[in-house]
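K.L.:
pasting the sequence and the predicted model now:
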2 protein chains.
Amino acid sequence: MADDRDERQPMAEIHALPIRKNATPVQKHPDPCETCTARSLTICAGLDSEEQARMSALATTVWVQPHQVLFQEGDTADHVYNITCGSVSLSKSMSDGRRQITGFLGPGDFLGLNTRDTYSVSAEALVDTKVCRFSRSAFRKLLSDMPDLEHRLLAVAETELATAQEQILLLGRKTAMERIASFLLLQVNRVTARGLPPNPIALPMTRAEVADYLGLTIETVSRCFTKLRKLDIISLPASDRVLIKQTERLKALSEST
Amino acid sequence: MADDRDERQPMAEIHALPIRKNATPVQKHPDPCETCTARSLTICAGLDSEEQARMSALATTVWVQPHQVLFQEGDTADHVYNITCGSVSLSKSMSDGRRQITGFLGPGDFLGLNTRDTYSVSAEALVDTKVCRFSRSAFRKLLSDMPDLEHRLLAVAETELATAQEQILLLGRKTAMERIASFLLLQVNRVTARGLPPNPIALPMTRAEVADYLGLTIETVSRCFTKLRKLDIISLPASDRVLIKQTERLKALSEST
DNA sequence: CGCCAGGTTTGATCAGGATCAATGCCGCAG
DNA sequence: CTGCGGCATTGATCCTGATCAAACCTGGCG
C-alpha cells in the first residue's frame, strides 16, 4: 500500500459575494456625543465632560451601507471604531472562499481590539450602520492619559475572550440543533442587555450569515428553524424575525455548560 | 406529518476523566524572579527592579501535577497566574461530558484574562507545571499603579483574541486534515517563538487532548497522523514527538487564510 | 399586473468523520 | 519474565450534516 494520496478537499460552498466597495464610506464632521444614543453602552460611558470633549475632538462619524467593508483582515490597522447604531459582522476567510463569521457587533460595541499591526478579521456592515472612528495612534495616546478608559477596554477584551471561548465550544462540540438553539438564546441576551423587548427578535443577518457564524450551511440552518417551528418552540413571522414560544425547551436543546 | 420529534443527541464521546484533585497543590514561598527562566517571555519583562520587587512580594509559587486542576470554569476568580514552566490546557465542558479545549498555554503565558467574576474556562496541567500566582485583587491594584503592565496585558488580550478567532475559523470551516496540519504548524510556531529547535516537536498532550482541541475524535486525529506519515510529510519517532519532513506540503494542506 | 432577482425552504443523495470494536504497543509492578 | 493498564492505531459501519437540485416566496420595478 505504497500510495493512497488523494488530497481531499473542502466542502463548504462559496456564498455569493455581493458588490463590496472597500469603504471610504460617507463621512461627516463629528456628531455631538451628547446626542449619542449608544453612549451608555460604550466605553465612553462615565467619562467626565472634559474627557468626553477630548474623545469627541478625535472622532469622525462614518456611515456604512449594507455589505460595505469597514476594513479587511490583513489591512494595516489605522483606526478603531465604536458602533453607534446598526450591525457589523466580523469574519475570516480562506483562499477558496470558505468564510467564518467570528462575531456580530451592535450599538455600543467596540471594534479594533482583535488587532495588532494589521486587522485579524474583516468587518462588514450588515445593515445601515453608523460608527464613530478614531485614528489608532490618537486613540492609543488617549489610552495612556486616561487609565479608566484602558481599564474599561481591558474589561471589554475579557468579555470578548469569554464570548470567543463560548463560540469555540459551540463550533467544536455542539450539534447543528444545539448551535441554532444557542444562537437564538444569545440573540435574546443581546437584545435584552440593551433593554429592548425580547420577542420577537429581529435578526439583522441572512441565513447565509447565520450559517457562516455557526459553521453550518444555509440549508441546515433553514431545516433547523423549520424543525423548531414544527416543534412549536418558535415561530417565524418573517424570515428575519423569530418569536420564541417556549424558552425552556429551547434552553434544553442548547444543552449548554 | 404532525409529529417528527426525535430529540437527536450528541455524538462525541466522553473521554475518561482521570483522578483530578481540585488543587490546593503544593505551595512554597516566593521564588526569586531573578532566576525565573520564563521572565523574558512574560508580562514581567521590562519591569524596573522596584516594580519587580513589588510584584514578587505578591507572588506565590505553586506546583501542579499532570491532571491537576488549577481552577474550574465557574469558580469565583480569586487568582491570576503566570506560567513559569510546564503546560496547561484551558477547556470548557458540557453537562454530558463533551469537552472542548480552547487553548494550550506554556511558559510565559498569562492565565486569568478570560475572566470576569468567575473563570470562563477550566485550567488543568498537562505535565508537571510551575506557576506564579497572584491574588486577583492585589493584581488589580498593581495594574492601577503600573500603566505599562496594563498596556502589556491589553496587548496579551489582543493576541489571545486573534488566536481565538483563528481557532474559530479552524473549528467552523476546516476539514480534519486541515485542522491537524494547522495544529502542527501552530506547534512549530509556538516552539520557535520560544527560540527552541523546531524539529522534532514535542507534544505535551495526548491524542485525546489534541482531539478535544480540534473538535475531532481520537480516532480521526490518529488516522490523520498516520496519513501524513504515509505521505512522508511527517514522521513519528514516538507518539508524543512529531518530525516535520516537508513543511511546505504541510502548509499547503492547512490551506489557511 | 406580471416578471425577475435574492433569499428561503424543501427534497434526494452523498461523504466526512463519528461510533463501535479489536488489536497493538509500550512502561511499569510484581 | 509476565501480566496489566493506558494510550494509540486500525478496521467496519453508521449517521449527521454537506452537496446538488428544484421549488417557493416576497418585494421591487417595468
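P.N.:
Everything's here; your move.

K.L.:
hang on, residue A:253 packs against residue A:178?
P.N.:
Yes: counting by CB atoms under 8 Å, residue A:253 touches residue A:178, with 6.4 Å between them. Where you see a C-beta, it was placed from the backbone N, CA and C, and this is true even at glycine.

K.L.:
which parts of the stretch 51-200 of chain A are strands?
P.N.:
Counting by DSSP state E, counting those that start in this stretch, the stretch 51-200 of chain A has strands at residues A:60-64, A:69-71, A:79-85, A:88-93, A:99-105, A:110-111, A:122-125, A:129-135.

K.L.:
so which of those strands is nearest residue B:134?
P.N.:
For these, proximity to residue B:134 was assessed by CB to CB; strand A:110-111 is nearest, at 26.8 Å.

K.L.:
just confirm yes or no for that closest one near chain B.
P.N.:
No: against chain B, strand A:110-111 shows no contacts by CB under 8 Å from any CB of the partner chain, the least distance being 11.7 Å.

K.L.:
quick one: that strand to chain centroid distance?
P.N.:
Averaged C-alpha coordinates place strand A:110-111 at 9 Å from its chain's average position (CA atoms, centre = their mean, to the nearest Å).

K.L.:
centre-most residue in chain A?
P.N.:
residue A:104 (1.4 Å; CA atoms, centre = their mean).

K.L.:
on that earlier part again, now the strands of the stretch 51-200 of chain A as TSV including distance to DNA strand C and mean pLDDT?
P.N.:
Converted to TSV, the strands of the stretch 51-200 of chain A look like this (distance: least, CB to the nearest atom of the strand, whole Å; pLDDT from 0 to 100):
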stretch	distance to DNA strand C	mean pLDDT
strand A:60-64	17	92
strand A:69-71	15	94
strand A:79-85	21	94
strand A:88-93	13	97
strand A:99-105	14	97
strand A:110-111	23	94
strand A:122-125	13	96
strand A:129-135	17	93
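
K.L.:
identify the residues contacting residue A:44.
P.N.:
Each residue near residue A:44 by CB atoms under 8 Å, 6 or more residues apart in numbering or on different chains is listed here: A:33, A:36, A:52, A:55, A:82.

K.L.:
neighbour-wise, which one of these leads?
P.N.:
Within these, neighbour counts (other CB atoms under 10 Å in any protein chain shown) peak at residue A:82, which reaches 25 neighbours.

K.L.:
give me the below-cutoff pLDDT ranges for chain A.
P.N.:
Low-confidence segments of chain A (pLDDT under 70): A:1-32, A:256-257.

K.L.:
shared neighbours, residue A:253 and residue A:178?
P.N.:
With CB under 8 Å, 6+ apart, residue A:253 and residue A:178 have no common neighbours.

K.L.:
the helices in chain A, which residues?
P.N.:
According to DSSP state H, chain A carries its helices in the segments A:49-58, A:136-145, A:147-173, A:176-193, A:207-214, A:218-230, A:247-254.

K.L.:
switch those over to JSON lines; also include distance to chain B.
P.N.:
Listed next are the helices of chain A as JSON lines, based on distance: least, CB to the nearest CB, whole Å:
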{"stretch": "helix A:49-58", "distance to chain B": "16"}
{"stretch": "helix A:136-145", "distance to chain B": "7"}
{"stretch": "helix A:147-173", "distance to chain B": "3"}
{"stretch": "helix A:176-193", "distance to chain B": "6"}
{"stretch": "helix A:207-214", "distance to chain B": "8"}
{"stretch": "helix A:218-230", "distance to chain B": "7"}
{"stretch": "helix A:247-254", "distance to chain B": "8"}
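
K.L.:
out of these, deepest packed?
P.N.:
helix A:207-214 (a mean of 23; mean count of other CB atoms under 10 Å in any protein chain shown).

K.L.:
could you check the angle that one makes with helix B:147-173?
P.N.:
Here helix A:207-214 runs at 120 degrees with respect to helix B:147-173, directions being taken by axes from the mean of the first three to the mean of the last three CA atoms, to 10 degrees.

K.L.:
helices or strands next to helix A:207-214 in the packing?
P.N.:
When contacts are defined as 3 or more CB pairs under 8 Å, 6 or more residues apart in numbering or on different chains; DSSP states H and E, helix A:207-214 sits against strand A:88-93, strand A:99-105, helix A:176-193, helix A:218-230.

K.L.:
nearest to residue A:156, of those?
P.N.:
Proximity to residue A:156, assessed across those by CB to CB, is greatest for strand A:99-105 (11.2 Å).

K.L.:
tell me which residues of the closest one are tucked away?
P.N.:
Neighbour counts using 16 or more other CB atoms under 10 Å in any protein chain shown place A:99, A:100, A:101, A:102, A:103, A:104, A:105 of strand A:99-105 among the buried residues.

K.L.:
is any part of it close to chain B?
P.N.:
Yes: on the criterion CB under 8 Å from any CB, strand A:99-105 is in touch with chain B at A:99, A:100, A:102.

K.L.:
got the contact list for that strand?
P.N.:
Here strand A:99-105 makes contact (CB under 8 Å, 6+ apart) with A:15, A:83, A:87-93, A:111, A:121, A:123, A:126, A:160, A:163-164, A:167, A:204-205, A:209, A:212-213, A:215, B:165, B:168-169, B:172-173.

K.L.:
now narrow those residues to whatever sits close to DNA strand D.
P.N.:
residue A:215 (CB under 7 Å from any atom of the strand).

K.L.:
residues touching residue A:87, list them.
P.N.:
Residue A:87 makes contact with A:104, A:105, A:106, A:125, A:126, A:127, A:129, A:204, A:205, according to CB under 8 Å, 6+ apart.

K.L.:
just the buried ones from these?
P.N.:
A:104, A:105, A:106, A:125, A:126, A:129, A:204, A:205.

K.L.:
for DNA strand D, state which of those residues is nearest.
P.N.:
Set against DNA strand D, the nearest of those by CB to the nearest atom of the strand is residue A:204 (15.7 Å).

K.L.:
gap between the closest one and chain B?
P.N.:
Using CB to the nearest CB, to the nearest Å, residue A:204 is found at 20 Å from chain B.

K.L.:
how close does the closest residue to that residue other than its chain neighbours sit to residue A:184?
P.N.:
Nearest non-adjacent residue to residue A:204, counting by CB to CB, 6 or more residues apart in numbering or on different chains: residue A:87, 4.2 Å away. Using CB to CB, to the nearest Å, residue A:87 is found at 16 Å from residue A:184.

K.L.:
residue A:73 too?
P.N.:
Separation of residue A:73 from residue A:184 (CB to CB): 28 Å.

K.L.:
can you check residue A:253 too?
P.N.:
Remark: distance between residue A:253 and residue A:184 (CB to CB) = 9 Å.

K.L.:
write out the residues of the stretch 101-250 of chain A neighbouring DNA strand C.
P.N.:
Contacts of the stretch 101-250 of chain A with DNA strand C, taken as CB under 7 Å from any atom of the strand, map to A:206-208, A:218-219, A:221-223, A:225-226, A:236, A:239-240.
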